[in-house]
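**Q** only geometry, no sequence info:
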């Protein structure tokens with residue numbers, strides 16, 4: 001008999017039909033005469049109830065049906081008499097594909113998220129992580145669909161790179177060299193001439209620089225792939241391996257960039273509300289009771305736009321009125337999450353786009369304003385998250401870009417190809433980066449970024 005996915009089965013009303021479902025046992029309860037088995041196959045947050053008359057099945061088979069066991073169930077689709085479901089299956093045959101012992105780490109009881117991270121290979125079978133992963137899939141689909149519908153081209157930038165986009169130097173090195181017998185030059189520095197690529201290479205922190213090459217040829221591109229930061233940051237907001245979405249558009253200025261960012265993120269949130277209703281209802285009930293209200297609020301309200309300087313003035317006024325922050329506020333500081341969240345959650349009570357940051361705290365490639373002090377950067381700030389998008393209008397002037405690279409002592413030998421975009425037919429262009437996991441954090445209401453990616457990579461943790 002052909003298997004029916006549980007998500008499809010729950011929508012059916014052809015009672016009396018013979019059906020086959022396969023999945024894992026969530027719970028089993030019952031009496032001497034009948035067993036009720038909640039079965040889930042990952043296609044939906046909802047379980048299908050299997051009704052098994054004890055007299056129809058041998059005792060050994062029923063004993064093997066425990067939480068976590070994998071079953072194939074054949075039976076008759078009937079209208080459910082109990083609350084909580086419209087259909088159930090009157091079982092006629094049950095095959096146990098895989099038994100599950102009492103040491104199964106995801107027994108039906110209230111485990112902490114920290115506990116579940118230690119069993120990340122099994123936590124995917126829980127209701128919470130099933131919901132998060134289905135939403136993650138839907139967000140990926142929304143991203144590709146949005147850009148395709150708006151004339152962007154999906155552009156694949158390299159994972160292995162010899163350039164550091166952010167200039168931070170916190171990159172994972174890629175090498176085939178024998179680390180126990182490193183060849184060194186006369187100055188005692190490691191000689192990479194015999195390495196695979198013949199030079200120092202690392203895992204990318206961003207596809208932006210290469211994305212700019214794509215935008216200045218194809219007009220509008222986006223990247224969507226893994227990026228890596230070797231920061232020793234044990235926080236609920238940082239991962240060593242995460243996914244980034246980075247659109248880059250020729251002929252866009254900072255205002256076009258802000259319009260794109262707001263429209264794009266609203267599209268993604270609206271997609272979640274339209275396509276993930278059951279999972280969002282579950283998370284709203286079990287994880288964050290204000291989740292749905294917050295998602296609707298973002299979709300229904302315009303984002304506030306103001307300059308960094310105006311933001312600092314608001315924060316300084318708040319301090320004068322008695323508001324306390326852990327980190328100091330002054331013009332030129334890099335805003336902390338607590339400052340960003342104050343602007344969003346307390347002052348404006350809606351998402352905020354901050355622009356025109358001091359050039360000293362932003363990357364070398366951002367277009368400089370006429371004041372000589374600020375650049376055309378923009379950060380989108382969200383409730384509970386803080387910065388969710390960072391971007392800018394790019395500096396298109398060869399002279400200004402070269403000067404900035406020299407000021408920051410970025411090795412020119414690594415940047416010649418990037419500067420060629422300014423030498424040969426330069427054009428105004430803009431773009432931004434959205435951390436995929438931060439989007440998923442917002443859409444799911446989860447509190448820790450390690451809980452919105454299947455297998456988190458963090459300091460001292462590379463399991464599974």
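**A** That came through fine. Because the structure is predicted, anything quoted here is derived from the model rather than measured. Residues are numbered from 1 along each chain as shown.

**Q** quick one: residue 54 and residue 36 touch, right?
**A** No - with contact defined as CB atoms under 8 Å, residue 54 does not count as touching residue 36 (11.2 Å). (Glycine included, C-beta is placed from N, CA and C.)

**Q** can you list residues touching both of the two?
**A** residue 30 (CB atoms under 8 Å, 6 or more residues apart in numbering).

**Q** which residues of the stretch 251-400 of the chain fall in strands?
**A** For the stretch 251-400 of the chain, the strands defined by DSSP state E, counting those that start in this stretch cover 304-307, 352-358, 374-382, 386-393.

**Q** make TSV out of these and add mean pLDDT and distance to residue 236.
**A** Shown next, in TSV, are these (pLDDT from 0 to 100; distance: least, CB to CB, whole Å):
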stretch	mean pLDDT	distance to residue 236
strand 304-307	98	25
strand 352-358	98	21
strand 374-382	97	15
strand 386-393	95	11
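
**Q** out of those, which gets nearest to residue 242?
**A** Of all the strands of the stretch 251-400 of the chain, it is strand 386-393 that lies closest to residue 242, at 12.9 Å by CB to CB.

**Q** okay, the angle between the closest one and strand 352-358?
**A** 50 degrees (axes from the mean of the first three to the mean of the last three CA atoms, to 10 degrees).

**Q** which other residues reach strand 386-393?
**A** 237, 252-254, 257, 261, 265, 337, 340-341, 344, 362-363, 365-367, 375-382, 428-435, 438-439, 442.

**Q** partner strands of that strand, with direction?
**A** With DSSP bridges as the test, strand 386-393 is paired with strand 374-382 (antiparallel), strand 429-435 (antiparallel).

**Q** those strands: which one's closest to residue 132?
**A** strand 429-435 (15.7 Å).

**Q** what mean pLDDT does the closest one have?
**A** Mean pLDDT, computed over strand 429-435, is 97.

**Q** residues making contact with that strand?
**A** 206, 208, 211-212, 215-216, 242-254, 256-257, 260-261, 264-265, 378, 380, 388-394, 396.

**Q** just the buried ones from the residues you listed?
**A** 206, 208, 211-212, 215-216, 242-250, 252, 254, 257, 260-261, 264-265, 378, 380, 388-394, 396 (16 or more other CB atoms under 10 Å).

**Q** so where's the stretch 101-250 of the chain shaky on pLDDT?
**A** Within the stretch 101-250 of the chain, the segments meeting pLDDT under 70 span 164-169.

**Q** that one: strands as residue ranges?
**A** Going by DSSP E, counting those that start in this stretch, the stretch 101-250 of the chain shows strands at 153-154, 160-161, 173-174, 201-203, 220-228, 241-250.

**Q** list of residues touching the first one?
**A** The one in question is strand 153-154. Here strand 153-154 has contacts from 144, 147, 148, 214, 218, 220, 221, 222, 223, 224, using CB under 8 Å, 6+ apart.

**Q** hey, where'd the helices end up in this protein?
**A** Using DSSP state H, the helices of the chain run over 6-9, 59-64, 113-117, 120-123, 127-149, 208-218, 254-275, 277-286, 291-300, 308-320, 337-341, 398-407, 416-423, 436-444.

**Q** of the contacts of strand 153-154, closest to residue 58?
**A** residue 144 (49.3 Å).

**Q** residues near that closest one, how many?
**A** 14 (other CB atoms under 10 Å).

**Q** how close does it sit to residue 390?
**A** 21 Å (CB to CB, to the nearest Å).

**Q** what's the closest of the strands of the stretch 101-250 of the chain to residue 107?
**A** Using CB to CB, the strands of the stretch 101-250 of the chain put strand 241-250 closest to residue 107, at 29.7 Å.

**Q** helices and strands around that closest one, which ones?
**A** Packing partners of strand 241-250 (3 or more CB pairs under 8 Å, 6 or more residues apart in numbering; DSSP states H and E): helix 208-218, strand 220-228, helix 254-275, strand 429-435, helix 436-444.

**Q** distance between it and the chain's centre?
**A** Remark: strand 241-250 is offset 12 Å from the chain centroid, using CA atoms, centre = their mean, to the nearest Å.
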